[in-house]
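> I need the structure of the sequence given here:
(chains A and B)
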Amino acid sequence: DQQVKQNSPSLSVQEGRISILNCDYTNSMFDYFLWYKKYPAEGPTFLISISSIKDKNEDGRFTVFLNKSAKHLSLHIVPSQPGDSAVYFCAATGNQFYFGTGTSLTVIP
Amino acid sequence: GAGVSQSPRYKVAKRGQDVALRCDPISGHVSLFWYQQALGQGPEFLTYFQNEAQLDKSGLPSDRFFAERPEGSVSTLKIQRTQQEDSAVYLCASSLGGQGRVVAKNIQYFGAGTRLSVL
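Next up, the predicted model:
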């Protein structure tokens, strides 16, 4: 049973525009959320995280928003760059990490 | 190197063969995790070590899967009598701290994975 869901398998965005990646979760006990980025033939790399006591965390071009009542988080990338093209996984944690199925982002130059 | 290293990168096995996958975590990292990632899916938790102790093996899909970390550093994931459904990428991750409530120091750093194909 998938506790973390990414319902969009792919997303294409023009360079310079905003990319918005979405993630939903089912377990209200999750208290920490992370986004990982994965290039082909590499392992996932940590991008940004947010604690459940916050609703927003920003790091440069990347911002993660958390809506606890909706059990929803999103990753905003502004402005999007071609090098951002990768698969993005959201993850939630209680006792262990639960990953979504990923969204493949393509930034078109 | 500074990152998590996994070997081999690719492994082709005949059905019924035993395989061993190796993970070298980041030096000094207490925690080590194994994940299985099937095609088109996200990583799924298999097992977790804190130093040499295997604290959680709830994700291992069958008793054909066995993991060890005898000296609290390098870990080996062994799959006995491989089946076609075992074909996947096996990811290893390490983190500085222990499990429990995740804080920044517990962010997991992943290796590139071992792609196992069982024919």
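
> can we go C-alpha only for contacts and neighbour counts from here?
Fine.

> contact partners of stretch B:73-86?
Contacts of stretch B:73-86 with the rest of the structure, by CA atoms under 8 Å, 6 or more residues apart in numbering or on different chains, involve B:13-25, B:27, B:34, B:51-52, B:64-69, B:116-119.

> Could you give the average pLDDT over that stretch?
Averaging pLDDT along stretch B:73-86 yields 97.

> How far away from the center of its chain is it?
9 Å (CA atoms, centre = their mean, to the nearest Å).

> With stretch A:77-87 instead?
With CA atoms, centre = their mean as the basis, stretch A:77-87 stands 12 Å off its chain's centre.

> show me the contacts for residue 91.
Defaulting to chain A. Neighbouring residues of A:Ala91 by CA under 8 Å, 6+ apart: A:Val4, A:Phe33, A:Leu34, A:Trp35, A:Tyr36, A:Phe97, A:Tyr98, A:Phe99, A:Gly100.

> Can you look at chain B instead?
Residues in contact with B:Leu91 (CA under 8 Å, 6+ apart) are A:Gly43, B:Trp34, B:Tyr35, B:Gln36, B:Gln37, B:Pro43, B:Phe110, B:Gly111, B:Ala112, B:Gly113, B:Thr114.

> who's it bridged to?
B:Tyr35 (DSSP bridges).

> Would it be right to say that B:Glu85 lies in a strand?
No: using DSSP: H, G, I helix; E, B strand; the rest coil, the assignment for B:Glu85 is helix, not a strand.

> so how many other residues sit close to it?
Using other CA atoms under 10 Å in any protein chain shown, B:Glu85 has 11 neighbouring residues.

> excluding its backbone neighbours, what's nearest residue 49?
Assuming you mean chain A. Of all residues beyond its chain neighbours, the one nearest A:Ser49 is A:Leu34 (4.1 Å), with distances taken as CA to CA, 6 or more residues apart in numbering or on different chains.

> wrong one, I was asking about chain B
B:Leu32 (5.1 Å).

> burial measure for A:Asp55, as a count.
13.

> Please list all residues in contact with it.
So A:Asp55 contacts A:Phe65, A:Leu66, A:Asn67, A:Lys68 (CA under 8 Å, 6+ apart).

> same question, A:Pro9
A:Thr101, A:Gly102, A:Thr103, A:Ser104.

> what residue ranges in chain A are flagged as low confidence?
For chain A, no stretch is flagged by pLDDT under 70.

> for chain B, same thing?
Using pLDDT under 70, the flagged stretches of chain B are B:1, B:98-105.

> so how far is B:Phe66 from the residue most central in space within it?
Nearest to the geometric centre of chain B sits B:Trp34, at 2.6 Å (CA atoms, centre = their mean). Distance, B:Trp34 to B:Phe66, by CA to CA, to the nearest Å: 11 Å.

> Could I get the full set of strands for the chain?
Using chain A. A:4-5, A:10-14, A:19-25, A:32-38, A:45-51, A:56-59, A:62-67, A:72-77, A:86-93, A:97-99, A:103-108 (DSSP state E).

> Hmm, no, I was thinking of chain B.
Assigned strands in chain B, in chain order: B:5-7, B:10-13, B:19-24, B:31-37, B:44-50, B:53-56, B:65-68, B:75-79, B:88-95, B:109-110, B:114-118 (criterion: DSSP E).
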